[in-house]
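[1] Can you look at this prediction? I've put the sequence above it.
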Protein chains: 2
Amino acid sequence: MISVLIVGKGKVGMHLYKAFLGIDAINVTLISSRTLGKIPKTDITIIAVSDDAIAQVSSKIHNALVVHTSGSVAMSDLKNPNRKGVFYMLQTFSEDKLVDFNKVPFCLEAEDKNDLALLERLAQYLGNKIYSISSEQRKTLHVAAVFVNNFTNHLYKIGQDICKQNKVPFEILYPLIEETSGKIQKLSPEKAQTGPAIRNDTTTIKNHLNLLDKNQQEIYKMLTASIQKNNN
Amino acid sequence: MISVLIVGKGKVGMHLYKAFLGIDAINVTLISSRTLGKIPKTDITIIAVSDDAIAQVSSKIHNALVVHTSGSVAMSDLKNPNRKGVFYMLQTFSEDKLVDFNKVPFCLEAEDKNDLALLERLAQYLGNKIYSISSEQRKTLHVAAVFVNNFTNHLYKIGQDICKQNKVPFEILYPLIEETSGKIQKLSPEKAQTGPAIRNDTTTIKNHLNLLDKNQQEIYKMLTASIQKNNN
């Protein structure tokens, strides 16, 4: 039996709590970070709060092993007096969508070898993609994730805006989006690159710019230049 | 029986040819655009050549119905003397990867109603996502496709570069990429947006910029500003 305390009732905390509830070998408790009065003693305490609250919340927790779930906060930013670690899930969570933990990479870190093994055991109850990742590596993954997730999603938003403005159903683009994202698992993004930028098709580029608003034009120009720079 | 001539031995021409070969009700011939001497008479002639060669190649073809496969060329740019149309497949094709035509949206256009019906019949032999799309709408789709495919793929490339530079396996990001692209079919990209830009998390943004090279920084700043602009 592993006893787990989750601090924080945001998306990450809630999804973890629900998942652990279904596992017999785990005894899980969930509390809000605003009610830190009575804290049960547990093997692992998972702080799932916003980045800038991690130091303060952790300073109040005297349990044996305290970990946070952030991609961008160093392990050493935990201010609990005892052992420290990180339990970072590199995935995007939605409130109203069930998480398939088999598609969640667990990026784990601990000061102590035995703690790392314990975090691995905990992660194995949920999924199978488990990595030992240092604070430095995690920073790298987090910024790379901003490009492939946050910024990519924004490009989808722009694609949808363009379709809306011209009354074309955005759903026609779903299969292309699916294929583009699936392709890179077989073909590196460098080799998968197609389109007017890499072909240096200036006529098409000019025609496209004429269809865009100012903000869209700036992004189009910058990313076109970056594609061309990368391939010279 | 529908007789089809494909002109052009590039990726699109080759994939279409292979697919039609497997269909009994279609009699298909493939020729290169450089050997236009003897052209068989067919019900449909599909010109699958580069955008800037469409006018010239089509001008030499006197068959009944001539269509091109381009997303960015108007139907009226065909210079054949007879009937015109468009058979545009909004998908990305790789040389060494089989195409699943059930995931290919066929965007069809023709001057003549009966021709449009004939193109629809042809597309139905291959797939089931069939749309009647005007030249204006097709231009819109094509520029939107550049954002969701070409530019997105470039963001994957940058993500991979960042990982390589810091010796972290890029594959850790595959599940996130898959989730991000799948999510928009259930949640609009506007609602799916997460990350430091939309949270206006200036500390994380500053830390991220410190990890990037100059070109990556410029893209990061521009897309961050665009996300913030879109949500005000």
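    The structure has been received and is ready for your questions.

[2] So which residues of chain A form strands?
    A:2-7, A:26-31, A:44-47, A:65-68, A:83-89, A:105-110, A:129-132 (DSSP state E).

[3] could you dump those strands to CSV with mean neighbour count?
    C-beta coordinates here come from the backbone N, C-alpha and C atoms, glycine included. Below are the strands of chain A laid out as CSV (neighbours: other C-beta atoms under 10 Å in any protein chain shown):
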stretch, mean neighbour count
strand A:2-7, 21
strand A:26-31, 18
strand A:44-47, 26
strand A:65-68, 26
strand A:83-89, 23
strand A:105-110, 23
strand A:129-132, 18
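
[4] I'd like to know which of these is closest to chain B.
    Across those, chain B has its closest neighbour in strand A:105-110 (4.9 Å, C-beta to the nearest C-beta).

[5] If you compare the directions of the lengthiest helix in chain A and helix B:214-230, what angle comes out?
    Secondary structure assigned by DSSP state H gives helix A:214-230 as the longest helix of chain A. Angle, helix A:214-230 to helix B:214-230, by axes from the mean of the first three to the mean of the last three C-alpha atoms, to 10 degrees: 160 degrees.

[6] and helix A:214-230 with chain B, contact?
    Yes. On the criterion C-beta under 8 Å from any C-beta of the partner chain, helix A:214-230 is in touch with chain B at A:215, A:218-220, A:222-223, A:226-227, A:229-230.

[7] domains for chain A, by residue range?
    A:2-133, A:139-230 (automatic domain parsing).

[8] so which of these is the most packed in?
    domain A:139-230 (a mean of 19; mean count of other C-beta atoms under 10 Å in any protein chain shown).

[9] Span of that domain from start to end?
    With C-alpha to C-alpha, to the nearest Å as the measure, domain A:139-230 spans 23 Å from end to end.

[10] and it, what's its mean pLDDT?
    If you average the pLDDT over domain A:139-230, you get 95.

[11] so how far is that domain off the chain centroid?
    Domain A:139-230 has its C-alpha centroid displaced from the chain centroid by 21 Å (C-alpha atoms, centre = their mean, to the nearest Å).

[12] Tell me how far residue A:162 lies from residue B:91.
    Here the criterion is C-beta to C-beta, to the nearest Å. By it, residue A:162 lies 18 Å from residue B:91.

[13] ugh, wrong one, residue A:40
    For residue A:40, the distance to residue B:91 - C-beta to C-beta - is 54 Å.

[14] what's near enough to touch residue A:159?
    Residue A:159 makes contacts with A:170, A:173, B:144-145, B:147-148, B:189, as judged by C-beta atoms under 8 Å, 6 or more residues apart in numbering or on different chains.

[15] Which two of those have the greatest separation?
    For the contacts of residue A:159, the farthest-apart pair by C-beta to C-beta is B:145 and B:189; their separation is 14.8 Å.

[16] before we move on, back to that, need the strands of chain A in JSON lines with mean pLDDT, can you?
    Formatted as JSON lines, the strands of chain A follow (pLDDT from 0 to 100):
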{"stretch": "strand A:2-7", "mean pLDDT": "98"}
{"stretch": "strand A:26-31", "mean pLDDT": "97"}
{"stretch": "strand A:44-47", "mean pLDDT": "98"}
{"stretch": "strand A:65-68", "mean pLDDT": "98"}
{"stretch": "strand A:83-89", "mean pLDDT": "98"}
{"stretch": "strand A:105-110", "mean pLDDT": "98"}
{"stretch": "strand A:129-132", "mean pLDDT": "97"}
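
[17] Which one of the contacts of residue A:159 is nearest to residue A:72?
    residue B:189 (22.7 Å).

[18] shouldn't the closest one be in contact with residue A:163?
    No. Applying C-beta atoms under 8 Å, one finds residue B:189 not in contact with residue A:163, separated by 11.2 Å.

[19] quick one: contacts for residue A:78?
    By C-beta under 8 Å, 6+ apart, residue A:78 lies in contact with A:47, A:54-55, A:58, A:66-68, A:84.

[20] now swap in residue A:212 and tell me
    By C-beta under 8 Å, 6+ apart, residue A:212 lies in contact with A:162, A:220, B:143.

[21] Let's see that with 10 Å instead.
    If you count contacts by C-beta atoms under 10 Å, 6 or more residues apart in numbering or on different chains, residue A:212 has them with A:158, A:161-162, A:165, A:218-221, B:143, B:146-147.

[22] distance of residue A:91 from residue A:106?
    Distance from residue A:91 to residue A:106, by C-beta to C-beta: 9 Å.

[23] Find residues that contact each of the two.
    A:127, A:129.

[24] Double-check residue A:187 against residue B:97; I have them as touching.
    Yes. Using C-beta atoms under 10 Å, residue A:187 is in contact with residue B:97, at 7.4 Å.

[25] from the contacts of residue A:212, which two are the most distant?
    A:165 and A:221 (19.0 Å).

[26] and the residues of helix A:214-230 next to chain B as TSV, adding distance to residue B:202?
    Output for the residues of helix A:214-230 next to chain B, formatted as TSV (distance: C-beta to C-beta, whole Å):
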residue	distance to residue B:202
A:215	21
A:218	22
A:219	21
A:220	27
A:222	22
A:223	24
A:226	24
A:227	29
A:229	28
A:230	28
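
[27] hang on, the earlier thing: any shared contact partners between residue B:189 and residue A:163?
    A:170, B:148.

[28] thought residue A:141 was touching residue B:172?
    Yes. Applying C-beta under 10 Å, one finds residue A:141 in contact with residue B:172, separated by 6.2 Å.

[29] Now the nearest residue to residue A:13 once chain neighbours are set aside: phi and psi?
    With C-beta to C-beta, 6 or more residues apart in numbering or on different chains as the criterion, residue A:13 has its nearest non-adjacent residue at 3.8 Å, and that residue is residue A:48. Note on residue A:48: its backbone torsions stand at phi -120, psi 70 [degrees, to the nearest 10].

[30] Would you quantify the distance from residue A:48 to residue A:10?
    With distances taken as C-beta to C-beta, residue A:48 is found 6 Å from residue A:10.

[31] Common neighbours of the two, please.
    What both residue A:48 and residue A:10 touch, as defined by C-beta under 10 Å, 6+ apart, is the set A:33, A:69.

[32] Relative to residue A:180, which of the contacts of residue A:78 is nearest.
    Taking these together and measuring to residue A:180 by C-beta to C-beta, the closest member is residue A:68, at 33.2 Å.

[33] So what pairs up with that closest one in the strands?
    residue A:47, residue A:86 (DSSP bridges).

[34] Correct me if wrong: it contacts residue A:44.
    No. Contact criterion C-beta under 10 Å: residue A:68 and residue A:44 do not qualify, at 11.6 Å.
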